[in-house]
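[1] What follows is a predicted protein model with its sequence.
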Protein chains: 2
Amino acid sequence: MANIGEIETKPAKGTIETGRGDGLLIISDPVRGSAWICAQLRQAILEGAYAHGEKLPAERQLAQAYGASRTTIRAALGQLEQERLLTRRVGSGTFVNFRAPSDAEDIAEQTSPVELIEVRLAVEPHMVRLAVLNATARDLDRLAEALAKMQGGSADAEAFTEFDEQFHQLIAEATRNPLMLWLYRQINQVRGHSQWNEMKDKVLTGQRIAEYNEQHRALFDAIRARDVEGAVAIVTNHLYYARRQLLGADAA
Amino acid sequence: MANIGEIETKPAKGTIETGRGDGLLIISDPVRGSAWICAQLRQAILEGAYAHGEKLPAERQLAQAYGASRTTIRAALGQLEQERLLTRRVGSGTFVNFRAPSDAEDIAEQTSPVELIEVRLAVEPHMVRLAVLNATARDLDRLAEALAKMQGGSADAEAFTEFDEQFHQLIAEATRNPLMLWLYRQINQVRGHSQWNEMKDKVLTGQRIAEYNEQHRALFDAIRARDVEGAVAIVTNHLYYARRQLLGADAA
DNA sequence: CGGAATAGGACCAAACTTAGATCATGCGCT
DNA sequence: AGCGCATGATCTAAGTTTGGTCCTATTCCG
């Protein structure tokens, strides 16, 4: 909770030191104005100084705190509102609309298993398409290896989940698209923290593990055969299948 | 020039300190001149001492700080402006137009514009599908508002890019899926750092901006009409269209 | 000498800031 | 429900800052 009295005007931005040894040093007052105030508030929000949904001081109070006019404050707040970092409600106040991605655990806690599947349903079909088009022989080898381990390994839910994550991540790697891989790693991270884990044992019976393995096998065959639409169809069905069972488990 | 008047005869190696209480302090080498000042500022910018978009001190302040006339400062700034390192706006100030590569995230540097489009092509169609299914009336209002601003606003590449990002992020919000929103924010962040920015002006001609606006309009109409497949088709074409132009620009 | 760079102004128009007043809305209290 | 108060939204008028432009004098250097 940032109190009005202690709004900090950090001078850090003003010190500029050239790397050269000739001793030039400029210390300048940060240029104050709506842009500067906007930057200050943005940083505070992004750093998590304000919690999501927390109310900011009123405009008239901010104006006094920053020693600026209300118009200037409103310009800064308006900018932040456009950036969708703030929400303003007449009669109520100005509220933070940004959840600090503290550990990525936050986002995991807010995400239900079904929502996770929805996101995977968005990403993975096209991801598989890219993988089919761009996979190298080495990618295929690694996929085959993972698949062999998956089928040869134990059939408990824990081990299967791990293999499953690895398998899909290998597909992400096979896209040869660094952003795609990064994105899927993020999703996988959420997956690890998701409440999914708590219902895993209920959903992942031995029979279903076998079914999933079959689907993985089919997916791999399609990728190796460079069958784009076949692979896409398999992964889509794979995820719909998983979602259906999740909804079933929800209902149960 | 009152304080520096004594450096007429160049001191061999000594530095002269000109201190002022009103905000600027400079310890400067007596070797001045527009070229030297220009080099100093260029180095500061390239080193990332000023963030992208940050406001430089006003010309009159710089003149005082460097102990030079405004004419000289303007010569230096003019050079940097020609180098596209600065942007100047009457009534506002002089702003840095260079994104230091140091503060860019690894992933953003490794990602080409085409790869970015590929990822968006993976995420956005299903994202739109979810948005159509889950958007609240309030979401639609906000989309309409953004759209109106986009069409009423100026048609330069910079403004359009900003509105475009906001528009797609609003769609992400409309999915009511926190993970989806988080994911899209990550993508948007990469988008800001991508080399896309460097070819933006080349790709985003006035006519194409108008075309994109039309597509946005059509997309919004489909979402409002809850036309799932129509909306998905529009966004898919929208992205394929963008990718085609990107590849064209690459070839050119 | 003559040209180039710099210094030091004056003035302009655009953009921003200030300081108000007034309005509309939402919240809490009675 | 009604009332009072706090809050954001909007508008106005005047003042301030800022880059853009033009001018003249001075300094430096070949």
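    Perfect, I can see it now. Numbering: from 1, shown residues only, chains lettered A, B, ... in the order given.

[2] pLDDT score for the residue most central in space within chain A?
    Closest to where the C-alpha atoms of chain A average out (Cα atoms, centre = their mean) is residue A:186, at 5.7 Å. Residue A:186 is assigned 88 on the pLDDT scale.

[3] What separation is there between it and residue B:106?
    14 Å (Cβ to Cβ, to the nearest Å). From N, CA and C alone the C-beta is placed, and that goes for glycine too.

[4] Please list all residues in contact with residue A:42.
    Applying Cβ atoms under 8 Å, 6 or more residues apart in numbering or on different chains, we find residue A:42 in contact with A:80, A:83, A:85.

[5] Check which helices and strands the biggest helix by length in chain A sits against.
    The residue-count maximum for a helix in chain A (DSSP state H) belongs to helix A:228-251. On a contact count with 3 or more Cβ pairs under 8 Å, 6 or more residues apart in numbering or on different chains; DSSP states H and E, helix A:228-251 meets helix A:113-134, helix A:196-203, helix A:206-224.

[6] Check the average confidence over the shortest one, would you?
    Throughout helix A:196-203, pLDDT has a mean value of 70.

[7] that older thread, I'd assumed residue B:186 was in contact with the residue nearest to the centre of chain A.
    Yes - counting by Cβ atoms under 8 Å, residue A:186 does reach residue B:186; the two are 6.8 Å apart.

[8] Name the helix or strand for the residue nearest to residue A:163 when sequence neighbours are not counted, please.
    Spatially, and ignoring its direct neighbours in sequence, residue A:163 is nearest to residue A:150 (4.1 Å; Cβ to Cβ, 6 or more residues apart in numbering or on different chains). Using DSSP states H and E, residue A:150 maps to helix A:137-152.

[9] now that helix: how far from the chain's centre is it?
    Offset of helix A:137-152 from its chain centre (Cα atoms, centre = their mean, to the nearest Å): 28 Å.

[10] Using PDB, write out every CA atom in that helix.
    Below are the C-alpha coordinates for helix A:137-152, written out as PDB (Å, rounded to 0.1, in the frame of the first residue of the first chain):
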ATOM      1  CA  ALA A 137      15.600 -35.900 -38.600                       C
ATOM      2  CA  ARG A 138      17.100 -35.400 -35.200                       C
ATOM      3  CA  ASP A 139      13.800 -34.100 -33.800                       C
ATOM      4  CA  LEU A 140      12.100 -37.200 -35.100                       C
ATOM      5  CA  ASP A 141      14.700 -39.300 -33.400                       C
ATOM      6  CA  ARG A 142      14.100 -37.600 -30.100                       C
ATOM      7  CA  LEU A 143      10.400 -38.000 -30.400                       C
ATOM      8  CA  ALA A 144      10.700 -41.700 -31.200                       C
ATOM      9  CA  GLU A 145      13.000 -42.100 -28.200                       C
ATOM     10  CA  ALA A 146      10.500 -40.300 -25.900                       C
ATOM     11  CA  LEU A 147       7.700 -42.400 -27.300                       C
ATOM     12  CA  ALA A 148       9.600 -45.600 -26.600                       C
ATOM     13  CA  LYS A 149      10.200 -44.600 -23.100                       C
ATOM     14  CA  MET A 150       6.600 -43.700 -22.600                       C
ATOM     15  CA  GLN A 151       5.400 -47.000 -23.700                       C
ATOM     16  CA  GLY A 152       8.000 -49.000 -22.000                       C
END
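
[11] what's it in contact with?
    So helix A:137-152 is contacted by A:131, A:135, A:160, A:163-164, A:166-167, A:170-171, A:173-174, A:213, A:216-217, A:220, A:223-224 (Cβ under 8 Å, 6+ apart).

[12] just the buried members of the residues you listed?
    Taking 16 or more other Cβ atoms under 10 Å in any protein chain shown as the criterion, what is buried in the contacts of helix A:137-152 is A:131, A:135, A:160, A:163-164, A:166-167, A:170-171, A:173-174, A:213, A:216, A:220, A:223-224.

[13] show me the contacts for residue A:94.
    By Cβ under 8 Å, 6+ apart, the residues touching residue A:94 are A:55, A:56, A:58, A:59, A:77, A:86, A:87, A:88.

[14] tell me the SS of it?
    Assigned with DSSP: H, G, I helix; E, B strand; the rest coil, residue A:94 falls in the strand class.

[15] what's the distance between it and residue A:68?
    On the measure of Cβ to Cβ, residue A:94 and residue A:68 end up 15 Å apart.

[16] pLDDT weak spots in chain A?
    Residues of chain A that meet the criterion pLDDT under 70 lie in A:1-31, A:101-105, A:153-155, A:194-198, A:249-252.

[17] Which one, of the helices and strands packed on helix A:228-251, ends up nearest to residue B:121?
    helix A:113-134 (5.9 Å; Cβ to Cβ).

[18] Leaving out chain neighbours, which residue sits closest to residue A:88?
    The spatially closest residue to residue A:88, leaving aside those adjacent along the chain, is residue A:94, at 4.8 Å (Cβ to Cβ, 6+ apart).
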